[in-house]
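Asks: quick one: sequence and predicted model below, then my questions.
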Amino acid sequence: MPWPGAARRLPAGDAIVLERGTGLSRRRCVMACLLLPHSANFDDLDPLKNEPEIEVVMVLPGPPVPRDAALIILPGSKSVVSDMKFLRREGWDIDIPAHHRQGGQIPGICGG
């Protein structure tokens, strides 16, 4: 590819970019997106990542969902049944209803 610098401007599509930008300390609204094994279309989150007052946190397997998240985003999936089983194994099936009981929102993207 003759213009590798320009490739950074292309959408992530089905790849995930875990890098964090600078200035997160001034961001006030945390949105947690669960990282599932078959998650897809991470560029759907780009508009949120570009908002200066929003911090999109990719929740990796292992830790619980951040308690300060205003939203728990369920991403699109290429294998909904497998990802649902994974979500349960991680204990996120407990975190998600608890988040909702505390007034949090849970949007799903595509097949999320």
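Replies: All right, it came through fine. Numbers count the residues shown, from 1 in each chain.
Asks: so for residue 61, what's the pLDDT?
Replies: Listed pLDDT for residue 61 reads 91.
Asks: quick one: it and residue 35, what's the gap?
Replies: Residue 61 sits 7 Å away from residue 35, taking Cβ to Cβ, to the nearest Å as the criterion. Where C-beta positions appear, they are placed from N, C-alpha and C, glycine not excepted.
Asks: neighbour count: these two, which is higher?
Replies: Using other Cβ atoms under 10 Å, the more surrounded residue of residue 61 and residue 35 is residue 35, with 17 against 13.
Asks: please identify the helix or strand for the residue positioned nearest the centre of the chain.
Replies: By Cα atoms, centre = their mean, the chain has its centre lying nearest to residue 33, at 2.1 Å. For residue 33, the host element (DSSP states H and E) is strand 29-34.
Asks: list the buried residues for that strand?
Replies: Judged by neighbour count using 16 or more other Cβ atoms under 10 Å, the buried positions of strand 29-34 are 30-34.
Asks: need those residues in a markdown table with distance to residue 104 and pLDDT, can you?
Replies: Shown next, in a markdown table, are the buried residues of strand 29-34 (distance: Cβ to Cβ, whole Å; pLDDT from 0 to 100):
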| residue | distance to residue 104 | pLDDT |
| --- | --- | --- |
| 30 | 10 | 93 |
| 31 | 10 | 94 |
| 32 | 9 | 95 |
| 33 | 13 | 94 |
| 34 | 13 | 93 |
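Asks: closest to residue 107 out of these?
Replies: When those are ranked by distance to residue 107 (Cβ to Cβ), residue 31 comes first, at 9.0 Å.
Asks: for the residue nearest to residue 91 when sequence neighbours are not counted, grab the count of nearby residues.
Replies: Counting by Cβ to Cβ, 6 or more residues apart in numbering, residue 91 lies nearest to residue 64, which is 7.1 Å off, once chain neighbours are set aside. Residues within reach of residue 64, counting by other Cβ under 10 Å, total 13.
Asks: ok, residue 64 - contacts?
Replies: 91-92, 95 (Cβ atoms under 8 Å, 6 or more residues apart in numbering).
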